[in-house]
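J.: Give me the fold of what follows.
(one chain, ligands or ions: 1)
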Amino acid sequence: MKKIVILGATGSIGTSTLDIIRRFPDQFQVVGLTAKSSDEKLEFLIKQFHPSLVALQDERSATNLRKRLSHSGTEVLSGEKGILEVARHSEADLVISAIVGAAGLLPTLSAIQAKKLVAIANKEPLVMAGEIIQREAALNGVSILPIDSEHSAIFQVLNGEEHRTIKKIILTASGGPLLRFSKEMKENVSPEEALAHPNWEMGPKISIDSATLMNKGLEIIEAKWLFDLPAKKIDVVIHPQSIIHSMVEFVDRSVVAQLGLPDMRTPISYVLHYPHRAAISLPSLDLTEVGTLTFEKPDTDAFPLLKTAYAALEGGGTLPAVLNAANEEAVTAFLEKRISFGMINHVIQQTLEAHIPQVTKTLDDVLEADRWARLEGKRWIKQSPVC
Ligand SMILES: NC(=O)c1ccc[n+]([C@@H]2O[C@H](COP(=O)([O-])OP(=O)(O)OC[C@H]3O[C@@H](n4cnc5c(N)ncnc54)[C@H](OP(=O)(O)O)[C@@H]3O)[C@@H](O)[C@H]2O)c1
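T.: Next up, the predicted model:
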């Protein structure tokens, strides 16, 4: 029995993880779950999986849940402290990091410091503090497994290969729902239009990141830290069908790809069963049905945030944390209809321009950059014309 903790259990990745776990009742036991405020969803999961420990970030939601669960054998913790405690659950063998955004940084580090094997979907902490996370993982002798479909593809392709033989990795990007929109058309799309991803069903934040291509920008930084590669060895290609999940070019010019239908349950099953593979009943990829696979260079004039993310990666220090925080603030403001789609880029660029980059020696340096960028981002959001 592998004992599993899921941070962000009520979200899209959390739900897909539980879907796989449910299929293998004799292999996995859920021992801990967390969420922000979805107490009813968490209650439903507790009744199904009987974890010993759960936590809700929101105190009031936790109080509501405790009242309803008084004799269940599940302890309900609350606040950031509660989530950190679940992340380092004494019984856990594997922690699935699937909170959205910077809120997942301290829980992911907490799991690593408790010497847990960690599978990361939550890319933002790697963007903000990849060096610190990898340093902590090395100090604690812990492995990090990728869940993101592109990084899972690279991880699978690199299995058994020597790092020095990598010429470059090629991350594929669907281009999102606005790929064929002109700059003018994109300016004022509604959250509903920007959320309508053609291939993947995901939470709202990553869906908007896919529409701006910032998701790919975050992923190149994620790839740097997961695979120890410089920016110049990380390429991006637009592949609207989302069938090739990513590729590696080796020094002998072989290019090896991982393919599959766009369904996060495949990379999730891979980390749950790692280092083995297990049969799961999902539809098979039929290439004759797909017919055509196409590839394009990303248009960085139409999607400037990809170029911005490369610059932040190359600049290093606090820049990736500032990029991430400004993006989180701008995406939240867009989803709440406080700024237009076009202003997401503006808020991020202005915040980065106002920032004096610092080196990030400690976690506090990262947290301070994050705090500063949120205030600065909010200032630009306030000055933006109301949409
Ligand atoms: N969805 C995908 O297909 C996909 C693919 C690759 C990578 N990822 C990455 O995986 C992460 C999760 O994405 P998602 O799409 O699953 O997001 P999501 O559906 O929005 O779910 C987020 C989860 O995190 C919890 N949460 C949100 N804010 C929190 C906070 N401040 N403190 C504690 N918990 C918090 C939510 O709880 P509540 O339900 O209570 O709000 C929920 O359980 C993201 O970093 C994303 O980039 C996602």
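
J.: So Pro107 sits against Ala35, correct?
T.: No. Assessed by C-beta atoms under 8 Å, Pro107 is found out of contact with Ala35, at 11.9 Å. No exception for glycine: its C-beta is placed from N, CA and C like everyone else's.

J.: From the ligand, how far out is the residue in the chain sticking out farthest from the centre?
T.: Among residues of the chain, the one most distant from the C-alpha centroid is His71; the distance is 35.0 Å, by C-alpha atoms, centre = their mean. According to C-beta to the nearest ligand atom, to the nearest Å, His71 stands 24 Å off from the ligand.

J.: what about that residue, which SS state?
T.: coil (DSSP: H, G, I helix; E, B strand; the rest coil).

J.: who are the neighbours in contact with it?
T.: Under the criterion of C-beta atoms under 8 Å, 6 or more residues apart in numbering, His71 has no neighbours.

J.: What's the per-residue pLDDT of it here?
T.: Looking at His71, its pLDDT stands at 79.

J.: again, but for Val386
T.: Val386 carries a pLDDT value of 68.

J.: Verify the contact between Glu328 and Ala102 for me.
T.: Yes. Glu328 lies in contact with Ala102 (C-beta under 8 Å); the separation is 6.4 Å.

J.: shared neighbours of those two, which are they?
T.: Contacts common to Glu328 and Ala102, judged by C-beta under 8 Å, 6+ apart, are Glu124.

J.: Can you tell me the closest non-neighbouring residue to the residue in the stretch 101-250 of the chain that the ligand sits nearest to?
T.: The minimum distance from the stretch 101-250 of the chain to the ligand, using C-beta to the nearest ligand atom, falls at Gly203 (2.6 Å). Spatial nearest neighbour of Gly203, chain neighbours left out: Ser12 (4.7 Å); criterion: C-beta to C-beta, 6 or more residues apart in numbering.

J.: Contact partners for that neighbour?
T.: Glu201, Met202, Gly203, Ile206, Met264.

J.: Mind giving me the ChimeraX select for these, buried ones only?
T.: ChimeraX command restricting the contacts of Ser12 to the buried ones, with burial defined by 16 or more other C-beta atoms under 10 Å:
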select :202,203,206,264
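
J.: Among the contacts of Ser12, which lie within strands?
T.: If you go by DSSP state E, these have nothing in strands.

J.: Between the contacts of Ser12, which sits nearest Gly315?
T.: Ranked by distance to Gly315 (C-beta to C-beta), those are led by Ile206 at 23.9 Å.

J.: So what's the residue count around the residue in the stretch 1-150 of the chain positioned nearest to the ligand?
T.: Going by C-beta to the nearest ligand atom, the ligand is nearest to Gly11 of the stretch 1-150 of the chain, at 1.9 Å. Neighbours of Gly11 under the rule other C-beta atoms under 10 Å: 25.
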